[in-house]
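Participant: Pasted the sequence and its predicted model underneath.
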Amino acid sequence: MTEGHTVVLGGGCAGLAAAWRLGKRGISVVLVEASDHVGGLAGGVQFGGNVYEYGPHIFHTTDAELLAEIKELMGDDLLPYKRTIQIKFLGGYFKFPLSMTEVFFKLSPWTLVRAAASFLYHFTVGALSRPSVENTETVLQRYYGDVLYRIFFKDYIERVWGIPPSEFSPSFARQRIPRLNVLEIFDKFATLFWKKARGGLRTEGYVEKTEGGLYTTREGFSMITKRLGERLVQTGCEFRLNTRVQKILREGDRVIAVSLTSQGKSETLPCAAVINTTPINECTLSFSPSLGAGIDQAARSLRFRALVFVGIRVCRPQVLPASFMYFREHVFNRITDLSHFSFDIDPPGSTLLIAEVSCDPQDAVWRDEIGVKEAVIEDLERESILDRSEIEETVVFRAQHAHPIYTLGHEDALQSVLKGLGMLENFETAGRQGRFQYVNTHVAMKMGYEAADHLIERMV
């Protein structure tokens, strides 16, 4: 590889993994991170002696190489974990994976008749012809019929993502929402009618596909990223924390330097190569000279959904009956109880709750720290989850680029951006933000590995 540092932009899962891979090959690495700590969305914030995680995340993978490396890195600190999820729906709580038969049992016979007729109509029409422009709404109507689509998906998607399903790419529905085939639908409806008449219930549910065993630590996934950061420092990786990228400088099809700023001071760092794991839209627009007006326009069209996290320490050893709980009617759509994750929480006998509020940075909830705290607490009291007298501390933290939004046409824009970046011979982009892909932590780490491998292959 060409002499000089390889600069890794972003210290989340993908960036740490890329730096780890490069370091094992004896390549000098400088990792640039805008925050004061590594981990990104798989990290956490320190407050009052505890770690409040963004999420939190669970480590799982079927990739033997990655699993072996994380087990070697963490040793006895890697703990088995059993995930439990509940969803508030139709006035009651349901375990996840959902038993669709149980959910349908909550519906009235008339609603079931309408749902069956709607499904048959949309299924038949969809088999004969497709709309000229597909979107998530048309896909879900074809999968479930309009009645079930409106009950299960329409309002929830718009509330969490900020745009209606009709403005979502069809890839969102295909990738994120499982499809039931026609025989399963018929079987479920027939079973419901028969069982309602007989007074019984047969459950038959979806099985969530989670790869490999589940693991956590006493500090959640953030302990894995923290440990990986420590290992990188030991092997010679240079960290630039609290440092932001201003420009990525290039000459023709080669990146030559990265312009950085930290604590009011600017610096131009020459480099042999760059691996980016920061938001692909912002990264693309930082090139100097520009990659071209068309590529810049495509980058501007790529959008991310933000999250505001409200962390609450409660003077009770456990609050929620499950590790994660999902809601439709509250300001938060998900809340987590870290006592289910084997966390070390100070003081003993208390637990940490983390509520997630979806928004855009232009929304008032993004800026109004007092208001979002109060809204979350009011909803928790309304749900009889806790009383505000039990709250010992609260903390608000944010993630501006939490989830890529698969808007209509984003595939073409993304391919245009990736094609432009692919013309650079010493540049790779990886990770959830860097590839604009809604992936889990272990997949992001594998993407970091692959980016490092591709870079090495291209530059030897």
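Facilitator: Cool, got the structure.

Participant: From here on, just use CA atoms for contacts and neighbour counts.
Facilitator: OK.

Participant: how near is the closest residue to C237 other than its chain neighbours to L41?
Facilitator: Leaving aside its sequence neighbours, C237 sits nearest to V29 (Cα to Cα, 6 or more residues apart in numbering; 5.2 Å). According to Cα to Cα, to the nearest Å, V29 stands 22 Å off from L41.

Participant: Please report how far Q433 lies from D155.
Facilitator: Applying Cα to Cα to Q433 and D155 gives a distance of 26 Å.

Participant: more neighbours, the two?
Facilitator: Q433 (27 against 15; other Cα atoms under 10 Å).

Participant: what's near enough to touch that one?
Facilitator: Residues in contact with Q433 (Cα atoms under 8 Å, 6 or more residues apart in numbering) are 277-280, 401, 403-404.

Participant: just checking, next helix/strand downstream of the lowest-mean-pLDDT helix or strand in the chain?
Facilitator: Of all helical and strand segments in the chain, the minimum by mean pLDDT, DSSP states H and E falls on helix 182-198, at a mean of 42. Next along the chain after helix 182-198, taking DSSP states H and E as the criterion, comes strand 215-216.

Participant: what sits up against that next one?
Facilitator: 58-60, 78-81, 341-342.

Participant: tell me what the helix or strand hosting V113 is packed against?
Facilitator: Element membership for V113 (DSSP H and E) is helix 109-128. Where contact means 3 or more Cα pairs under 8 Å, 6 or more residues apart in numbering; DSSP states H and E, helix 109-128 is packed against helix 136-144, helix 146-149, helix 182-198.

Participant: now F152, what's its secondary structure?
Facilitator: Assigned by DSSP: H, G, I helix; E, B strand; the rest coil, the conformation of F152 is helix.

Participant: Does G55 lie in a helix or a strand, and which?
Facilitator: Using DSSP H and E, G55 falls outside every helix and strand.

Participant: and what of R21?
Facilitator: Going by DSSP H and E, R21 is part of helix 13-24.

Participant: got the contact list for that helix?
Facilitator: 8-9, 28-29, 31, 39-40, 42, 225, 228-229, 232, 235-237, 275-277, 430-431, 441-442, 444-453.

Participant: Now with 7 Å, please.
Facilitator: 8-9, 29, 39, 42, 225, 229, 232, 277, 430-431, 441, 444-445, 447-449, 451-452 (Cα atoms under 7 Å, 6 or more residues apart in numbering).

Participant: Next secondary structure element downstream of it?
Facilitator: strand 29-32.

Participant: packing partners for that next one?
Facilitator: strand 6-9, strand 238-240 (3 or more Cα pairs under 7 Å, 6 or more residues apart in numbering; DSSP states H and E).

Participant: Paired strands for the first one, with orientation please.
Facilitator: The reference is to strand 6-9. Applying DSSP bridges to the sheet, strand 6-9 is found paired with strand 29-32 (parallel), strand 273-276 (parallel).

Participant: try the shortest one
Facilitator: Strand 238-240 has its sheet partners listed here by DSSP bridges as strand 29-32 (parallel).

Participant: next helix or strand past the partner strand?
Facilitator: strand 44-47.

Participant: Alpha carbons of the helix or strand just after that following strand, as CSV, please.
Facilitator: Note on strand 44-47: by DSSP H and E, the next helix or strand toward the C-terminus is strand 50-53. What follows is strand 50-53, C-alpha atoms only, in CSV (Å, rounded to 0.1, in the frame of the first residue of the first chain):
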residue,chain,number,x,y,z
ASN,A,50,-23.8,4.9,34.5
VAL,A,51,-23.8,4.2,30.7
TYR,A,52,-27.0,5.1,28.9
GLU,A,53,-26.9,3.4,25.5
